[in-house]
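# Sequence first, predicted model second:
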Amino acid sequence: MELFDVTIVGGGPAGLYSAFYSGLRDLKTKIIEVQPVLGGKVNIYPEKVLWDVGGLPPMQAQQFVQNLIMQANTFSPTICLNTKVEQVKKQDDIFVITTSQGEVHYSKTIIVAVGGGILNPIKLELEGAEKYEMTNLHYTILGLESFRNKKVLVSGGGNGAFDWAVELLSVAKEVVVIYRKEQITAHESQVKKLKEHGVKFMLNAEIQSLVSNEDKKAIDYVAISQNGVTHQIQVDDVLICHGYNREISLSFDDNIQPQRKDDYYLVSHGQCKTSVPGIFGAGDIVSYDDKVNLLVGTFQDAVLAVNNACMYINPGAEKYAMVSSHNDKFEEKNKELLKK
């Protein structure tokens, strides 16, 4: 039996920074991530430019994720991808973590960092729509360049839809936004940008059918019902942004069930402890007074969770890790970096 000090469930920003900080504190660390890649929901918007991380210049999300992964690997944690945690039990002082593949992991503490859970896009409920997913029906954008000089229909009225519509302005020939309700819920600044660029909005409208081209492989026209009137719009691509279904797959034994409110685990303010000793939380999955739902808040959660996990394992441990500028762990690494 290989026993870890800290097992982090989730490999998004909260989990990755937890892994770095856990290694900094000399804790034997493991990350378990259900997806085949690390990075969490930041991977949904790979070309989105992030501006609000302290000390970092604006950069695309895909580069930011790579930086996080590189940092997380500083102290060589064990990383398990394509691994879904299904059951958590406790035997004596050890947490026993069972995966959907039947694998068993053992840990002194657990940090729950599953973000919004397993995110699955809400798909278009039209018969036969799935056959276009291999061509020009999309639920996210992996590269803007493929939309250059094309007419793109974006369906959705929330931040996700309007963020993508704004990004598409730089490459697409034309962007049309439709939304089934009368009131748009996206940020006003994004709505303003689209209006300034002359983007066509169709409210009280929804997709009625998809009309394929001659070879039946791609969408040629979209039939849209608006206020009882049907419109046919020629398109090159269709982007559906109707939100995501969340799956929080963690299941704890009744005797170690952390307190939850709605979809969130409740943790103590300033400590990120759950109601179960030895189980901590970080990132979007946790809730507490004055919670900051930004990346900067996620990193603070990670530090608090790791520090309290360290003190749970060793009550005599320092409350905080030594700062990096004085830490012997970085002496050789600093020399290597300075040579470059």
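Alright, I've got the coordinates.
# which stretches of the stretch 51-200 of the chain form helices?
61-72, 159-168, 188-196 (DSSP state H, counting those that start in this stretch).
# So which bits of stretch 121-131 are buried?
121, 124, 129 (16 or more other C-beta atoms under 10 Å). All C-beta atoms are positioned from the backbone trio N, CA, C, and that covers glycine.
# returning to what we had before: format the helices of the stretch 51-200 of the chain as TSV; extra columns: distance to residue 277.
What follows is the helices of the stretch 51-200 of the chain, written out as TSV (distance: least, C-beta to C-beta, whole Å):
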stretch	distance to residue 277
helix 61-72	26
helix 159-168	38
helix 188-196	44
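# what's the most buried one of those?
Greatest average neighbour count among the helices of the stretch 51-200 of the chain goes to helix 159-168 (a mean of 21), per mean count of other C-beta atoms under 10 Å.
# Off-centre distance for that helix?
Taking C-alpha atoms, centre = their mean, to the nearest Å, one finds helix 159-168 lying 17 Å from the centre of the chain it belongs to.
# Stretch 200-209 too?
On the basis of C-alpha atoms, centre = their mean, stretch 200-209 is displaced by 28 Å from the centre of the chain it belongs to.
# Kindly report the same for stretch 323-330.
Remark: stretch 323-330 is offset 30 Å from the chain centroid, using C-alpha atoms, centre = their mean.
# Touching it from outside, list them.
Defining contact as C-beta atoms under 8 Å, 6 or more residues apart in numbering, one finds that stretch 323-330 is touched by 24, 75, 321.
# What is the lowest-pLDDT residue among those?
On pLDDT alone, residue 321 ranks lowest of those, at 85.
# Am I right that that one is in contact with residue 24?
Yes - at 4.9 Å, residue 321 counts as touching residue 24 under the criterion of C-beta atoms under 8 Å.
# ok so, going back, nearest to residue 181, of the helices of the stretch 51-200 of the chain?
For the helices of the stretch 51-200 of the chain, proximity to residue 181 was assessed by C-beta to C-beta; helix 159-168 is nearest, at 11.9 Å.
# Which neighbouring elements make contact with the closest one?
Helices and strands touching helix 159-168, by 3 or more C-beta pairs under 8 Å, 6 or more residues apart in numbering; DSSP states H and E, are strand 151-155, strand 174-179, helix 188-196, strand 237-240.
# Report the mean per-residue pLDDT for the following helix or strand past the last one.
Sequence-wise, the next helix or strand downstream of strand 237-240 (DSSP states H and E) is strand 244-247. Averaging pLDDT along strand 244-247 yields 78.
# Pull up the pairing partners for strand 244-247, direction included.
strand 118-121 (antiparallel) (DSSP bridges).
# May I see the buried residues of the partner strand?
For strand 118-121, the neighbour count (16+ other C-beta under 10 Å) marks 119, 121 as buried.
# Please identify the buried residues of stretch 211-218?
By 16+ other C-beta under 10 Å, the buried positions in stretch 211-218 come out as residue 218.
# Let me see the residues that make contact with it.
With contact meaning C-beta under 8 Å, 6+ apart, stretch 211-218 is reached by 131, 132, 134, 135, 136, 219, 220, 221, 222, 223, 232.
# per-residue pLDDT, the residue nearest to residue 53 when sequence neighbours are not counted?
The shortest distance from residue 53 to any non-neighbouring residue, by C-beta to C-beta, 6 or more residues apart in numbering, is to residue 295 (5.4 Å). What the model reports as pLDDT for residue 295 is 90.
# Double-check residue 295 against residue 54; I have them as touching.
No - contact between residue 295 and residue 54 fails when scored by C-beta under 8 Å: they sit 9.1 Å apart.
# which of those two has more neighbours?
Neighbour totals were compared for residue 295 and residue 54, and residue 295 leads with 20 against 7 (other C-beta atoms under 10 Å).
# how near is that one to residue 206?
34 Å (C-beta to C-beta, to the nearest Å).
# what's near enough to touch the nearest residue to residue 141 once chain neighbours are set aside?
In space, residue 141 comes closest to residue 164 once its chain neighbours are excluded; the distance is 6.0 Å by C-beta to C-beta, 6+ apart. Neighbouring residues of residue 164 by C-beta under 8 Å, 6+ apart: 141, 154, 239, 241.
# Just to check, the third one is in contact with residue 153?
Yes - checked against C-beta under 8 Å, the pair residue 239 and residue 153 is within contact range at 7.1 Å.
# Export the helices of the stretch 51-200 of the chain as TSV, with columns for distance to residue 117 and mean pLDDT.
Converted to TSV, the helices of the stretch 51-200 of the chain look like this (distance: least, C-beta to C-beta, whole Å; pLDDT from 0 to 100):
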stretch	distance to residue 117	mean pLDDT
helix 61-72	18	95
helix 159-168	16	91
helix 188-196	25	91
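# Could you give the bridge partners of residue 121?
Taking DSSP bridges as the rule, residue 121 bridges to residue 244.
# Could you check how far it is from residue 328?
Taken as C-beta to C-beta, the span from residue 121 to residue 328 is 46 Å.
# Kindly report the same for residue 48.
Using C-beta to C-beta, residue 48 is found at 38 Å from residue 328.
# Settle it for me: which of those two has more neighbours?
A direct count of neighbours by other C-beta under 10 Å for residue 48 and residue 328 places residue 48 higher, at 17 against 7.
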